[in-house]
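Peer 1: give me a model of this one.
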Amino acid sequence: MELNLTQQKLLKEITGLESFSLDAFNVRLNGKLHGRKTTDNIDIITKKDKPGIDIIIKPGTINERVDIPVLITDTGIDDLVYNDFYIGENSDVVIVAGCGIHNCGDKQAEHDGIHTFHVGKNARVKYIEKHYGEGDGKGEKILNPTTNIEISEGGYLEMETAQIKGVDSTYRKTTAILADGAKLIIHEKIMTHGHQAAITDFAVDLNGENCGAHVIPRSVATEYSHQKYISKVNGNNKCNGHTECDAIIMDKASVVAIPEISANDTDANLIHEAAIGKIAGEQLIKLMTLGLTEKEAEEQIVNGFLK
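Peer 2: Numbers count the residues shown, from 1 in each chain. Predicted structure coming up:
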């Protein structure tokens, strides 16, 4: 599978890889399949009724990884895909997704990925998703991911998402339904600058007995950018739920946080937190006494906050 230097850079930004080895992968480039590899335990099938793929992981698959990056290097692309993940019982796998956009043209480039996870009984999944944008063209870089999660009895999904640079507009929507004993952990990191806008919308239904969810986003809004965080956790059984939002606001940016919890069972234990504020002056002074400039001190604090 051949990629030019720009495409290779995008691949590394979102997957951390320069090339693929023995693991399964599916690369989508400018709206079309560019490369694919399956394994004995992980199959990837192109959908027949709409754009996208089915990723089928056999029961009992252990210590395997599948990458499904999307790369966009043409201006004017409007890409929509539906990807369904079927993770078999008692599996333990890593799934890496995300989209990198390089737009040097005058037209907008957009990718909307709708991912649905069917996590089998007692299966464990670590899902990593990174979005990245670059390019000096006037065309916007737009990413709107939707993630729908269904976790069966005893299943576990840990989701790490990051959008740190270059995306002009994003609406990130995640829904989850948990069965008995299921666990969900979500870590999200977002940084916006310029006039960028980012909206995150979580909705989690804790339906199963002794299930639990922790939704933990962190964000930094700089310059004239705007962020909005919405989170709703519904406790519908004996369960534990925790949602929080921590944000650093700088310059002329704005941040809105709307965490909501709803208990529909007397044994539901739910907590929500939200904190928005600027970088503390004493933190800057401490680092500047060590020889850093104010800008360098701010960068170090932001990097540590989003780490």
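Peer 1: let me see the contact set for the residue nearest the centre of the chain.
Peer 2: Closest residue to the average C-alpha location of the chain: T161 at 2.7 Å, with Cα atoms, centre = their mean. Counting by Cβ atoms under 8 Å, 6 or more residues apart in numbering, T161 touches 128-131, 145, 172, 186-189. To be clear about C-beta, it is placed using only N, CA and C from the backbone, and glycine gets the same treatment.
Peer 1: again with A203
Peer 2: Counting by Cβ under 8 Å, 6+ apart, A203 has contacts 174-176, 231-232, 234.
Peer 1: thinking again about what came up before, across the sheet, point out what pairs with the residue nearest to the centre of the chain.
Peer 2: E129, E188 (DSSP bridges).
Peer 1: state the distance from it to D23.
Peer 2: 21 Å (Cβ to Cβ, to the nearest Å).
Peer 1: likewise for I87?
Peer 2: To D23, I87 is 15 Å away according to Cβ to Cβ.
Peer 1: mean confidence (pLDDT) on the top helix by length along the chain, please.
Peer 2: If you go by DSSP state H, the chain has its longest helix at helix 294-306. For helix 294-306, the mean per-residue pLDDT is 93.
Peer 1: and that helix, what's buried?
Peer 2: Neighbour-count burial for helix 294-306, counted by 16 or more other Cβ atoms under 10 Å, picks out 297-298, 301-302, 305.
Peer 1: and of those, the nearest to D54?
Peer 2: Using Cβ to Cβ, F305 is the member of the buried residues of helix 294-306 that lies nearest D54, at 37.6 Å.
Peer 1: what sits against E89?
Peer 2: E89 neighbours (Cβ under 8 Å, 6+ apart): 59-60, 120-123, 152.
Peer 1: of these - the most surrounded one?
Peer 2: Within the contacts of E89, A123 tops the neighbour count with 26 neighbours, counted by other Cβ atoms under 10 Å.
Peer 1: wait, that residue sits on N90?
Peer 2: Yes. A123 is in contact with N90 according to Cβ atoms under 8 Å; the separation is 6.3 Å.
Peer 1: okay, and the beta partners of E134?
Peer 2: Beta-bridge partners, per DSSP bridges, of E134: H102.
Peer 1: neighbours of it, how many?
Peer 2: Neighbour number of E134 under other Cβ under 10 Å is 17.
Peer 1: from the contacts of T161, pick the one nearest K12.
Peer 2: K130 (10.6 Å).
Peer 1: can you pull out the strands in the stretch 201-307 of the chain?
Peer 2: Ranges of strands in the stretch 201-307 of the chain, per DSSP state E, counting those that start in this stretch, are 211-221, 226-235, 239-249, 254-263, 268-277.
Peer 1: tell me which of those is the most buried.
Peer 2: strand 211-221 (a mean of 23; mean count of other Cβ atoms under 10 Å).
Peer 1: hang on, Y156 packs against K121?
Peer 2: No. Y156 is beyond contact range of K121, at 10.9 Å (criterion: Cβ under 8 Å).
Peer 1: hmm, back to that, I87 and D23: who's more crowded?
Peer 2: The neighbour count for I87 versus D23, taken as other Cβ under 10 Å, is higher for I87 (28 against 16).
Peer 1: distance of the more buried one from L306?
Peer 2: I87 is 28 Å from L306, by Cβ to Cβ.
Peer 1: do the same with K130
Peer 2: Taking Cβ to Cβ as the measure, K130 falls 12 Å from L306.
Peer 1: one more: N26?
Peer 2: 28 Å.
Peer 1: same check, this time on F117
Peer 2: Distance, F117 to L306, using Cβ to Cβ: 25 Å.
Peer 1: likewise for K232?
Peer 2: In terms of Cβ to Cβ, K232 sits 24 Å off from L306.
Peer 1: show the pLDDT at the residue located most distally from the centre of the chain.
Peer 2: Distance from the centre of the chain peaks at T289, with 36.5 Å (Cα atoms, centre = their mean). As predicted, T289 sits at a pLDDT of 92.
Peer 1: re earlier: now the two most distant members of the contacts of E89.
Peer 2: So, the contacts of E89 by Cβ to Cβ: farthest apart are G60 and S152, at 14.8 Å.
Peer 1: gap between T243 and I258?
Peer 2: Per Cβ to Cβ, T243 is found 10 Å from I258.
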